[in-house]
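1. sharing a model that was predicted from the sequence below.
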Amino acid sequence: MYTRSNQLVLTVNNPHVHVMLTTREISEEGFTVKNRDWNKKELLQQWREQWAVHANQSLVREGIQDRITHESHEKRKLIIFPTVHLGHVAHEMEKRGVQTDRGTINRDRQEYNRLVVDLQTYREEKKALEQEKARKQEQRQQSERFNTPAERVHLQEASKLLNLDREPTLKEIFVKRKELDKWENQVPNDDQQIRWKDETIRGTSETYRWIHIFENQRQQVQDQLEHINWINPFKLKENRMTKEQAERDMSKAEDQITSGDKTLDAYREKLGFHTEKEFQQVQRQHQTDYPGLLEKNRQIRGHIHQERKVLEKAETVHQNAFVRQVASLYSKRTEMRYISLKTAKRLMDMKQANGNQVVPIETIQNTLNNRKEDIQRLPW
């Protein structure tokens, strides 16, 4: 089975499937009582429509351009000719490449049907384009009526930011602001990572400096021991004391070197080096990159701030337009131009609840006065 445009076409072999479903409800105990409510004929159109939706979603996932529809040819105003039954003799001849009268009829009808479907597709696409054009025209007129020229510039800036060829909606602005929030939350983490690496490199460098101090001290003690004059019997006691002190200094230096090397183990794991030479390479690279990384993050924060300002202005424009639109419903009440966004939303909700009919201000005031009087009459 394959599809062409919006029309489902079957091959000669007529592959199809029969799907059988149980009418029994399923609970924890398994199959229970029968429920035929979902299997009523009145729901057939709904099932067909849902099947078309799911089938088209699968076609989109597979990257296939064709679509199917649940609507009948009659509803879509398509005059489609059915193919004739070949019969096994004509079918075998067609398989061998021998054209038959019935096969020719089917080929002619299929070609005609294809042209009809392609024409209908063109009409539907043209209608969709016209509807989109009308929608944009209506949106433009609405914008010109309830937005100032300066506000329209703000909307154009937001459209450019969002890569749109039209004015952005509040929902699109909201989604973009959420993306900026997520991006902005990552920048401090990047800063923290950069500064953490800088502090780690500083700590590593200081540890190496400390180790070198005690290595030099150990070498000095070693040289001192090597220059003790053990031949002079008069300095025997002094030499022993010198040796003992030197050995204590040597042990202290060794302990400090060992402790420093343990500290370096943690730094080696964090920075990924093994030798001091490798660390120096890491240090030089960091010193080269460090200013640029901080500047890059600073620019990112500035960029986010600038985009946020553009979106906030566009959002304010939408809110102002909404307030003016609601105020226009009460053209005789000039004070309505100064209502808040919250009040405008409440008035619009009341309008929708009233069957999309404008609720007069006098009616609202009378309702409020009556409620106030009812409250005052309550026993205290």
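-> Arrived safely. Numbering: from 1, shown residues only.
2. so what are the domain limits for this protein?
-> 2-116, 170-328 (automatic domain parsing).
3. and of those domains, who's closest to Ala128?
-> Ala128 lies closest, by C-beta to C-beta, to one member of the domains of the chain: domain 2-116, at 12.4 Å. For glycine as for every other residue, the C-beta is placed from the backbone atoms N, C-alpha and C.
4. any idea of the mean pLDDT for the closest one?
-> Per-region confidence: domain 2-116 scores 77 on mean pLDDT.
5. export the domains of the chain to CSV and tack on distance to Ser159?
-> Converted to CSV, these look like this (distance: least, C-beta to C-beta, whole Å):
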stretch, distance to Ser159
domain 2-116, 27
domain 170-328, 8
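6. most tightly packed of those?
-> Among the domains of the chain, judged by mean count of other C-beta atoms under 10 Å, the one packed with the most neighbours on average is domain 170-328 (a mean of 14).
7. mind naming the longest helix for the protein?
-> For the chain, the helix reaching the highest residue count under DSSP state H is reported as helix 170-226.
8. and the next helix or strand after it, what does it pack onto?
-> The first helix or strand that comes after helix 170-226 along the chain, using DSSP states H and E, is helix 236-271. Using 3 or more C-beta pairs under 8 Å, 6 or more residues apart in numbering; DSSP states H and E, the elements in contact with helix 236-271 are helix 170-226, helix 276-328.
9. helix or strand right after the last one?
-> Heading C-terminal from helix 276-328, the first helix or strand you meet, by DSSP H and E, is helix 341-353.
10. so that following helix versus helix 276-328, what angle?
-> Here helix 341-353 runs at an angle of 60 degrees relative to helix 276-328 (axes from the mean of the first three to the mean of the last three C-alpha atoms, to 10 degrees).
11. gap between Ser259 and Thr275?
-> With distances defined as C-beta to C-beta, to the nearest Å, the gap from Ser259 to Thr275 amounts to 19 Å.
12. just to revisit the earlier point, now the helices and strands packed on helix 236-271 as JSON lines including mean pLDDT and distance to Pro233?
-> JSON lines is the format used below for these (pLDDT from 0 to 100; distance: least, C-beta to C-beta, whole Å):
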{"stretch": "helix 170-226", "mean pLDDT": "90", "distance to Pro233": "19"}
{"stretch": "helix 276-328", "mean pLDDT": "91", "distance to Pro233": "45"}
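13. which of those helices sits closest to Trp51?
-> Nearest of those to Trp51, taken as C-beta to C-beta: helix 170-226 at 29.6 Å.
14. tally of neighbours for Pro360?
-> When neighbours are counted by other C-beta atoms under 10 Å, Pro360 registers 12.
15. what pLDDT is listed against it?
-> The per-residue pLDDT reported for Pro360 equals 85.
16. would you agree Gln283 is in contact with Tyr208?
-> No. Contact criterion C-beta atoms under 8 Å: Gln283 and Tyr208 do not qualify, at 9.8 Å.
17. quickly find the element holding the closest residue to Pro82 other than its chain neighbours.
-> Beyond its immediate neighbours in the sequence, the residue positioned closest to Pro82 (C-beta to C-beta, 6 or more residues apart in numbering) is Arg109, lying 7.4 Å away. Element membership for Arg109, per DSSP H and E: helix 101-146.
18. hang on, the earlier thing: so how far is Ile80 from the residue nearest to Pro82?
-> From Arg109 across to Ile80, the span is 9 Å (C-beta to C-beta).
19. now the residue lying closest to Val116 once chain neighbours are set aside: phi and psi?
-> Excluding its sequence neighbours, the residue lying closest to Val116 (C-beta to C-beta, 6+ apart) is Leu78, at 5.8 Å. Here the main-chain torsion angles of Leu78 (degrees, to the nearest 10) amount to phi -110, psi 130.
20. before we move on, what about Ser27?
-> Recorded main-chain torsions at Ser27 are phi -120, psi -170, according to degrees, to the nearest 10.
21. what's opposite it in the beta bridge?
-> Bridge pairing for Ser27 (DSSP bridges) gives the partners Gly30.
22. now render the helices and strands packed on helix 236-271 as TSV, adding distance to Glu71.
-> Listed next are the helices and strands packed on helix 236-271 as TSV, based on distance: least, C-beta to C-beta, whole Å:
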stretch	distance to Glu71
helix 170-226	30
helix 276-328	36
